[in-house]
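>>> model the structure of this input:
(chains A and B)
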Amino acid sequence: MTDHDTSPDAGATYAFLILRLWLGTRALLTGIEKFADMRTTTIPLLDADGKPDASGAMVEVQEKFYAFSNYHAVPDSLADSLAREPLLPGFLLSPFYAVLGWALIAVGLTLLVGFFSRISLLIMGALYVALTAGLILIKQDGGVSWLAIHIGLVAMALALSKHNRFSVTRS
Amino acid sequence: MSSDSSDPSGLDRRRFLQLVSAAGLGLMAGGGLWGAEAGSTSAKPPSETFDIAIVGLGAQGRILLDAIQKIPTVRVVAICDIWEYSATYVQRLLKKSDIMVNVYEDHRTMLEKEKTLTAVIVATPDFWHAPVTNDCLSAGLHVYCEKMMSNTLEGARSMVAAMRKSGKLLQIGHQRRSNPRYVVARNRIVRGDAKALGRITAINGQWNRAAGTDFGWPAKATMKPDHLAKYGFKDMHQFRNWRWFKALGGGPLSDLGAHQIDIFNWFLDAYPTRVLASGGTDYYQNHEWFDNAMVIYEYQTAEGPVRAFYQVQTTTSAGGGYYEQFMGIDGSLKMSENPKITALYHEAAGKSWDQLLKSNLLVATKVAPAPADAAKVDARETAALASYQIPVVLTKAIHQPHLENFFNSIRGKATLNCPADEALRSEIAVFKAIEAVETKMPVTCKPEDFIV
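Okay, here's the model as predicted:
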């Protein structure tokens, strides 16, 4: 091979690596965020010197925390809208919600370490297609466009997947 | 006179335990029974736990009692009310909590017989505030008295004189002054280094209530005319609705407005220079005091003039609730005892509030929406303002911090948040507004009017 021949391969390798890392990060953190919630805690109000305010006032502050019990696949308002759609089979919604967060975390991890990347991309694409179907039916065109960008990136990654390097498995 | 329903000289289990524990505390302190010296004017602070009495057991007295029951370091040992129906109700209520109290009809009898008292809570009708408070102070007791101090300026001034003569503490029930949200708002947002509102130019306050009916009473609880007359009431209707009669109370500007006008003065650290007002008996034909009033105060502060509008409506709630809104160049603060009504609004060109947010003094509630040009009615319409809240929480009964401040001041561990002389200056501003309503003329307030 000449230098001229290897340059495109190196570029494609890095292009796939970047896509894989981006999509992996996107999926992993999106999945983890489904276990996040906000809670209110009460702490002493501090003065300018960092000591408790002379009034003894307590303030409520919001803090983010993660717990399995916080799990919510989609916002309640979205779930309500999807549940009202006659073309969406109700018996599929609950299992879909049950696996969505876990599937995104799993896909995110496998993409980041490069473990069965092609299969992972296919699963990720399938999840986004399923979500897109729901958003089309409830006329969330903004969300559909948002997912279309993700689908495009997944498709691009699949097209470049033969250049997979820096991974646990080559497939 | 006295309608004691339990024998003050009797020694039930609870009283016995109180005496034993008081004796123990006294011995530990190296002295005698402190309680026996309650009537003295000694400067010696009382022990951690001490005895108190409540005079006046109407709605306000019961609210205070409810808050007091959440404070474990004071013991209610006596209650007093001219209406046996009300006194018996409260006595039974306390008995359910295993609190046995001596019951009196006349506060003077109570003062003669109760020798362990350290302080008295006064929540009678306004025209009894001065006589009861002054008698208690003369007996060497500290007093927490509800506002208004009196229905007359002379009565209020006599209370300050009695306080000074006795050397005892007299706290007035402007409880917002001990509310941590109000304290923080005044000291760290409006005043202090932050001065978050910039120069304040205007204030808007109100307390509006829906029209209602006068208070009634159970027929079996009707007091005899001579009994009512002995305590200054014409009949039962007047007794139950004393707030509306000029010889007994101060009307809505006094009942409701006094709290908020006090906040005007306290936040500005100034007193008005002129008052314009209008009011009238527009709806209730059997009341002496006006039921609606609108007042404009003019202030001259160190930063410039401030105009304050205050309205009290007792014929419509208007859905607006009760609040005091301070409006400045950089933003405005809408304060209320109801935290849901409290809000701050940042002027688009105002100085940054980022430091207040970082210090947990404010929390953002809403991002200012982008102005929709097509929806504007007026080309000069100001953009909607970013909204904030004060995250300070009060987890106690609304009057509890003010009562705790009073009790801790008695122990020498705090200073009063609303001593009588300070309260009187604010109440003078209320009397000036009432004068403006009644004379239908602007009233000038001279600095010497507020010297007490």
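>>> what's the neighbour count on residue 78?
Just so you know, I chose chain A. By other C-beta atoms under 10 Å in any protein chain shown, the residues close to A:L78 number 17. No exception for glycine: its C-beta is placed from N, CA and C like everyone else's.
>>> was after chain B, sorry
By other C-beta under 10 Å, neighbour count at B:A78 equals 25.
>>> so is it in a helix, a strand, or just coil?
Taking DSSP: H, G, I helix; E, B strand; the rest coil as the rule, one finds B:A78 in the strand state.
>>> A:A48 contacts B:D193, correct?
Yes - under the criterion of C-beta atoms under 8 Å, A:A48 makes contact with B:D193 at 7.4 Å.
>>> need the overlap of contacts for those two.
Contact criterion C-beta atoms under 8 Å, 6 or more residues apart in numbering or on different chains; residues shared by A:A48 and B:D193: none found.
>>> more neighbours: which of the two?
More crowded of A:A48 and B:D193, by other C-beta under 10 Å: A:A48, with 12 against 8.
>>> so that one is in which element?
Take DSSP states H and E as the rule and A:A48 turns out to sit in neither a helix nor a strand.
>>> quick one: it from A:R170, how far?
Distance of A:A48 to A:R170, computed by C-beta to C-beta, to the nearest Å: 60 Å.
>>> for residue 110, helix, strand, or coil?
Just so you know, I chose chain A. helix.
>>> just checking, it touches A:L121?
No - taking contacts as C-beta under 8 Å, A:T110 lies outside contact range of A:L121: 9.5 Å.
>>> leaving out chain neighbours, which residue sits closest to B:R240?
Nearest residue to B:R240 in three dimensions, chain neighbours excluded: B:F215, at 4.2 Å (C-beta to C-beta, 6 or more residues apart in numbering or on different chains).
>>> how about B:V437?
The spatial neighbour of B:V437 that comes closest, neighbours along the chain excluded (C-beta to C-beta, 6+ apart), is B:G279 at 4.1 Å.
>>> swap in B:T73?
B:T49 (4.9 Å).
>>> I'd guessed the one you found sits against B:R75; true?
Yes - B:T49 is in contact with B:R75 according to C-beta under 8 Å; the separation is 6.5 Å.
>>> more neighbours: those two, which one.
Taking other C-beta under 10 Å, B:T49 and B:R75 do not tie; B:R75 has more neighbours (19 against 16).
>>> which of the three states applies to that one?
At B:R75 the chain is in strand, as set by three-state DSSP.
>>> tell me, how many residues neighbour the nearest residue to it once chain neighbours are set aside?
Spatial nearest neighbour of B:R75, chain neighbours left out: B:D51 (5.1 Å); criterion: C-beta to C-beta, 6+ apart. Close neighbours of B:D51, defined as other C-beta under 10 Å, add up to 20.
>>> separation between B:D51 and chain A?
As judged by C-beta to the nearest C-beta, to the nearest Å, B:D51 and chain A stand 26 Å apart.
>>> pLDDT score for that residue?
On the pLDDT scale, B:D51 is placed at 97.
>>> that one is in what secondary structure piece?
strand B:50-55.
>>> low pLDDT regions in the stretch 251-400 of chain B?
B:366-383 (pLDDT under 70).
>>> repeat that for 50
Along the stretch 251-400 of chain B, no part satisfies pLDDT under 50.
>>> ok, which residues in it are in contact with chain A?
Applying C-beta under 8 Å from any C-beta of the partner chain, one finds that the stretch 251-400 of chain B approaches chain A through B:359-361, B:363, B:391-393, B:395.
>>> show the contacting residues for whichever residue of chain A sits closest to chain B.
At 3.8 Å from chain B, A:A57 is the closest residue in chain A, using C-beta to the nearest C-beta. Counting by C-beta under 8 Å, 6+ apart, A:A57 makes contact with A:44-45, B:180-181, B:183-184, B:392.
>>> give the closest residue to the residue located most distally from the centre of chain A in space, chain neighbours not counted.
Note on chain A: the largest C-alpha distance from the chain mean falls to A:A54, namely 45.5 Å (C-alpha atoms, centre = their mean). The spatially closest residue to A:A54, leaving aside those adjacent along the chain, is A:D47, at 7.1 Å (C-beta to C-beta, 6+ apart).
>>> which stretches in the stretch 151-300 of chain B count as helices?
For the stretch 151-300 of chain B, applying DSSP state H, counting those that start in this stretch gives helices covering B:153-166, B:180-184, B:225-230, B:236-240, B:252-255, B:257-268.
>>> alright, that wraps it up for me.
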